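# build me a model:
(chains A and B)
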Amino acid sequence: ELKVEQNPLFLSMQEGKNYTIYCNYSTTSDRLYWYRQDPGKSLESLFVLLSNGAVKQEGRLMASLDTKARLSTLHITAAVHDLSATYFCAVDIGGGADGLTFGKGTHLIIQP
Amino acid sequence: DSGVTQTPKHLITATGQRVTLRCSPRSGDLSVYWYQQSLDQGLQFLIQYYNGEERAKGNILERFSAQQFPDLHSELNLSSLELGDSALYFCASSPTPAGGIGYTFGSGTRLTVV
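Predicted coordinates:
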């Protein structure tokens, strides 16, 4: 059974600081997704990582994938309040056979 | 607007009742996925349809069923509802049966069972 673990689950940080969210998964996969969710809202796609060594950046967020270590990271640079949200990583083992398996989410609060 | 439409947005019903949630996928997407998000279970995959056929099943209860119609919209039927079924139900769509380039999520239906 595929397991996806995120840490930390809760993060409070100050504006201007850098931090990294980690996502480990238990089964071989080269398809990893990061989503953002605001309270009571839908899941917004941030990054789709489809190969070992993939790195993608959008604004202050950068995601990477190491399929050999079964690890993805979401790095936040010079955080701003607007990035406060819950961030989920999700893994697809391929073939879409089991849909996406999600981590528990990282609840991020960025304080001025 | 993601292009995936879910109705209704909110639903309040009593235990033992039956409800139907509806999802219209993004134009051109043939796959529809249903997910349940609750505080204790997190986000869980329920079921997938591709071009009208059931393709994959996740943690879907026997009291729940779904189908995808020829126009590709999908319905999730929840019956004999229990308090624990209260959750946010998301539909997602993708162009292929295997996700791959990404999944687009709808805004969800918040179900409250009282």
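# so which bits of chain A are right by chain B?
Counting by Cβ under 8 Å from any Cβ of the partner chain, chain A comes close to chain B at A:31, A:33, A:35, A:40-45, A:48, A:50, A:88, A:90, A:92, A:94-102, A:104-105. (C-beta placed from N, C-alpha, C; glycine too.)
# number of residues surrounding the closest residue to residue B:87 other than its chain neighbours?
Distances taken as Cβ to Cβ, 6 or more residues apart in numbering or on different chains put residue B:38 closest to residue B:87, at 4.1 Å, once the chain neighbours are dropped. Residue B:38 sits with 15 neighbouring residues when counted by other Cβ atoms under 10 Å in any protein chain shown.
# kindly check the end-to-end length of stretch A:79-91 for me.
Stretch A:79-91 has an end-to-end distance of 25 Å (Cα to Cα, to the nearest Å).
# right, I mislabeled it, should have said stretch B:24-44
20 Å.
# residue A:42 touches residue B:110, doesn't it?
No - taking Cβ atoms under 8 Å as the definition, residue A:42 is not a contact partner of residue B:110, at 11.4 Å.
# thinking again about what came up before, can you say which of the residues of chain A next to chain B are buried?
Among the residues of chain A next to chain B, those classed as buried by 16 or more other Cβ atoms under 10 Å in any protein chain shown are A:31, A:33, A:35, A:42-43, A:45, A:48, A:50, A:88, A:90, A:92, A:96, A:98-102, A:104-105.
# where does chain B dip in pLDDT?
For chain B, the stretches with pLDDT under 70 are B:99-100.
# can you tell me what sits against stretch A:74-84?
Here stretch A:74-84 makes contact (Cβ atoms under 8 Å, 6 or more residues apart in numbering or on different chains) with A:13-21, A:23, A:34, A:46-47, A:60-64, A:87, A:89, A:108-112.
# which residues does residue 18 contact?
I went with chain A, as the question did not name one. Shown in contact with residue A:18 (Cβ under 8 Å, 6+ apart): A:75-79.
# you answered for a different chain; I wanted chain B.
B:77-81.
# whichever residue of chain B sits closest to chain A and residue A:79: what is the separation?
Scanning chain B for the residue nearest chain A gives residue B:45, at 3.3 Å (criterion: Cβ to the nearest Cβ). Distance, residue B:45 to residue A:79, by Cβ to Cβ, to the nearest Å: 31 Å.
# again with residue A:23
Computed as Cβ to Cβ, the residue A:23 to residue A:79 distance reads 18 Å.
# that's all I had, so thanks and see you.
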